[in-house]
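Chemist: using only what follows, build the 3D model:
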Amino acid sequence: MDTTPVDRHPALRRVRRWLLESPRVVHAARTLYRWPPLTRTRAFRGFIRHRVAAADRALQTVIPRVAIETVLTCNARCVMCVHSERRMVGIMDMDLFRRLVEQLAAWGCQDVCLSIYGEPMVDKRWLERVAIVRAAGLRYSFFSNASMLTEATASAMLEQGGWTEVNFSVNGLSKDVYEAVMPPLSRDRVYANLERFLALKQARGGADPRVTISCVALRENLHELREFQAHWSAMPGVDRVAIGGRTDWNGELMRADAGQPVRNRLRVVSEDTWHTPCPSLWSSLYVYHDGRVSPCCEDAAARRLIIGDATAAPLREIFLGPELARLRRAHREDRRSEHGVCGSCHANWPWV
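Modeler: Purely as a prediction, here's the structure:
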């Protein structure tokens, strides 16, 4: 789930994948894309426009990254998430889910992400969905807080195969910090779930899934981030530890310090930085639980950037359709700031 539409050559894909496996490289790239002295240069703008032109040329043959929101509901109220401030619930209809998986298989997709803005394992039919994905010949990945990762569920997923990646959101090391950031989850229960799962993974050879332990840098956990990284980096079965920057979810998070950086980690850029065309428009589709489709994960809280309805049109038709074409044109012509949603978004995702 990490190739872009302009990485046509296998060697370029391998190099890009190698780069993205390093949290430091990813953080450095995102920091550069927020640096006004660079973004104002002709060379940088020329590079971006070259990448956009290449993406345009490849568009008809692109198979985008697709994320399906099996559930919007979450059992956590993390302080850096809009779930902490308002009720957001929903579960995708199984018939719609089956149709989407069938479409992806027919399109030639090999992988699908099964989460966007909820906790996938709150769905009582989660394992049934995994079985549908595997029966279609697709591999899958997802994001989770691991609070409901029982031994039976983990064993069933490992047995079915095709589970390529998982990103576990674990936003604290000590009990006090973890439970202050991710209420009402139990730190001890989640850590036990993860340790048991990692032991199961190792017992099966330790290759798949690739495991990322992620944490958003916050004032609440800043003092223990180094120890957090050391703890999980030393854990057998963990492939990557990622410390992420916070976001205000395009203005939807009302927490007073939501837009303030923590140790230079913030997913948004300053007003005087050139807001580049967004690579997500050429590479990604996000299908919400009700069938609405967006090209963007930054809008996952407000859900105003809707380019189609998967209950009424095939995903490929939406990806190549007029709504997304108009949005790409606005970005390509440096009119991103005029768009009601994209103009208020201050994320610059790297065209690596």
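
Chemist: sticking with the nearest residue to W351 once chain neighbours are set aside, tell me its helix or strand.
Modeler: Spatial nearest neighbour of W351, excluding adjacent residues (C-beta to C-beta, 6 or more residues apart in numbering): R51 at 4.3 Å. For glycine as for every other residue, the C-beta is placed from the backbone atoms N, C-alpha and C. Using DSSP states H and E, R51 maps to helix 42-58.

Chemist: right, and W249 touches A300 too?
Modeler: Yes. Counting by C-beta atoms under 8 Å, A300 is a contact partner of W249 at 7.1 Å.

Chemist: the helices in the protein, which residues?
Modeler: 10-20, 23-32, 36-39, 42-58, 94-107, 126-135, 151-160, 175-181, 187-203, 225-233, 280-283, 315-319, 322-332 (DSSP state H).

Chemist: can those go into a markdown table with extra columns for mean pLDDT, mean neighbour count and distance to A217?
Modeler: What follows is the helices of the chain, written out as a markdown table (pLDDT from 0 to 100; neighbours: other C-beta atoms under 10 Å; distance: least, C-beta to C-beta, whole Å):
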| stretch | mean pLDDT | mean neighbour count | distance to A217 |
| --- | --- | --- | --- |
| helix 10-20 | 58 | 12 | 19 |
| helix 23-32 | 64 | 15 | 10 |
| helix 36-39 | 75 | 14 | 22 |
| helix 42-58 | 91 | 15 | 26 |
| helix 94-107 | 98 | 17 | 34 |
| helix 126-135 | 98 | 17 | 30 |
| helix 151-160 | 96 | 15 | 28 |
| helix 175-181 | 98 | 18 | 11 |
| helix 187-203 | 97 | 17 | 18 |
| helix 225-233 | 97 | 16 | 6 |
| helix 280-283 | 95 | 24 | 23 |
| helix 315-319 | 98 | 19 | 34 |
| helix 322-332 | 96 | 16 | 29 |
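
Chemist: and the ones you listed: which comes nearest T273?
Modeler: Nearest of the helices of the chain to T273, taken as C-beta to C-beta: helix 36-39 at 4.9 Å.

Chemist: please save the CA atoms from the helix holding R51 in CSV.
Modeler: What follows is helix 42-58, C-alpha atoms only, in CSV (Å, rounded to 0.1, in the frame of the first residue of the first chain):
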residue,chain,number,x,y,z
ARG,A,42,11.9,27.3,-8.6
ALA,A,43,13.7,24.0,-8.4
PHE,A,44,11.3,22.6,-5.8
ARG,A,45,8.3,23.8,-7.6
GLY,A,46,9.7,22.4,-10.9
PHE,A,47,10.2,19.0,-9.2
ILE,A,48,6.6,18.9,-7.9
ARG,A,49,5.2,19.9,-11.3
HIS,A,50,7.3,17.2,-12.9
ARG,A,51,5.9,14.6,-10.5
VAL,A,52,2.3,15.8,-11.1
ALA,A,53,2.7,15.6,-14.9
ALA,A,54,4.0,12.1,-14.6
ALA,A,55,1.1,11.1,-12.4
ASP,A,56,-1.3,12.6,-15.0
ARG,A,57,0.2,10.6,-17.8
ALA,A,58,0.0,7.4,-15.8
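
Chemist: what angle do that helix and helix 322-332 make?
Modeler: Helix 42-58 runs at 160 degrees relative to helix 322-332, counting by axes from the mean of the first three to the mean of the last three C-alpha atoms, to 10 degrees.

Chemist: give me the distance from helix 42-58 to the chain's centre.
Modeler: Averaging C-alpha positions (C-alpha atoms, centre = their mean, to the nearest Å) puts helix 42-58 24 Å from its chain's average.
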